[in-house]
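K.L.:
Just a sequence and a predicted model for now, questions to come.
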Amino acid sequence: MDFEFEFKRFWPVIRTLTDISLLGKKIILKGKENFIKSGPNIIVGNHVGSFKDIAVLFKIAPRPIIFTANKMIFNKNDLNRLVRNYLRHNLKKFGELLDFLSGPVKIPLVYYISNNISKVGTIPVDLSGKKRTAVGKCEQNLKKKRAIVLLQGKGLVKEDTSNPFISMFKRGPSIICYNLYKKDGLVVPVTPVAILGTQKPFLTPGKIRVSIGKPMNILDYIEDEFTQTIERFKKAMEAQVESLLLELVRL
C-alpha cells in the first residue's frame, strides 16, 4: 500500500471529519516552526482529548502523519461501542439522546472509518497486550522517512494523579529510537507536543492550546546499558511535554 497516495486520496474526508471533531473550538498554536517537515519523525505528546487530539494534529501538522490507535477502532462494532460510551460518558443524558438521534448518520460513518482507517497508515495497538508488532510497523514507517504520532495516555484526564493532563510515558518511543539507531544508524528526531483544551466534551465551545517543542534525539541520552538509555530518554520526553504544558497553563 502506498501510504502517501492513500493519504492524499482520503484527505478530503480526513479534513471534514477533523472539522466536525473540533466544532466550536479554536486552536491556538505555539512553536509551529519546530515541526519536522521531512524525513523520519516521531511526535510524542499528552493525550487527554480522545479523538480531538488526533483531529488537532491532523489540522496543524505540515505533512502526512501516521497514528497508532486502539485496535478496537478497526472493528465496526467495537468502534460503534466506543463512540456510544464516549457520548454517554461526556454528555450524559444528552449523549444518550444524541447517540440515538444520530444513528442513521453515525452508523454508516463508523463503518466507513473502521473499514478505511488502515488505508491511511494507522497502526493498530492492543492496549491490553504486547505491542511488539506495532513497534515493528512504526520502525518500518520511520525507515521510509515518515512521521509517526505516539500519544501517551488513553485519551482521558486522570483526576487522581499528580498531573491529570499527562500520563506516565511508555517505553515505546524510546525503544523505537534506540533500535533504529543501533541497527540502522538512523537518528530519529522526536518532537514533543503539549495539548490543553481537548478534554472538553465534543461540541463544547472553547480554546485548544498547543505547544510544539524543539526536536530531541536519543544521542543526547545514550548510556552504557540499554535499560538506562531507554529510561533516561523516556523521562526526558515526559519532562519536556510537562514543561510545555505548564507554559500553556500560564497563558
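P.N.:
Thanks, I have it.

K.L.:
where does the protein have low pLDDT?
P.N.:
1, 127-130 (pLDDT under 70).

K.L.:
Find the nearest non-adjacent residue to residue 73, please.
P.N.:
residue 79 (5.1 Å; Cβ to Cβ, 6 or more residues apart in numbering). Where C-beta positions appear, they are placed from N, C-alpha and C, glycine not excepted.

K.L.:
my guess is that neighbour meets residue 116, correct?
P.N.:
No. Counting by Cβ atoms under 8 Å, residue 79 does not reach residue 116; the two are 11.7 Å apart.

K.L.:
Looking at those two, which one has more neighbours?
P.N.:
residue 79 (19 against 14; other Cβ atoms under 10 Å).

K.L.:
how would you label the more buried one: helix, strand or coil?
P.N.:
Per DSSP: H, G, I helix; E, B strand; the rest coil, the secondary structure class of residue 79 is helix.

K.L.:
Can you tell me how far it is from residue 22?
P.N.:
Distance of residue 79 to residue 22, computed by Cβ to Cβ, to the nearest Å: 19 Å.

K.L.:
now swap in residue 217 and tell me
P.N.:
31 Å.

K.L.:
just how off-centre is whichever strand or helix holds residue 235 within its chain?
P.N.:
In this assignment (DSSP states H and E), residue 235 forms part of helix 226-250. Centre-to-centre, helix 226-250 and its host chain are 16 Å apart (Cα atoms, centre = their mean, to the nearest Å).

K.L.:
Please name the nearest non-neighbouring residue to residue 59.
P.N.:
Nearest residue to residue 59, sequence neighbours excluded (Cβ to Cβ, 6+ apart): residue 18, at 5.5 Å.
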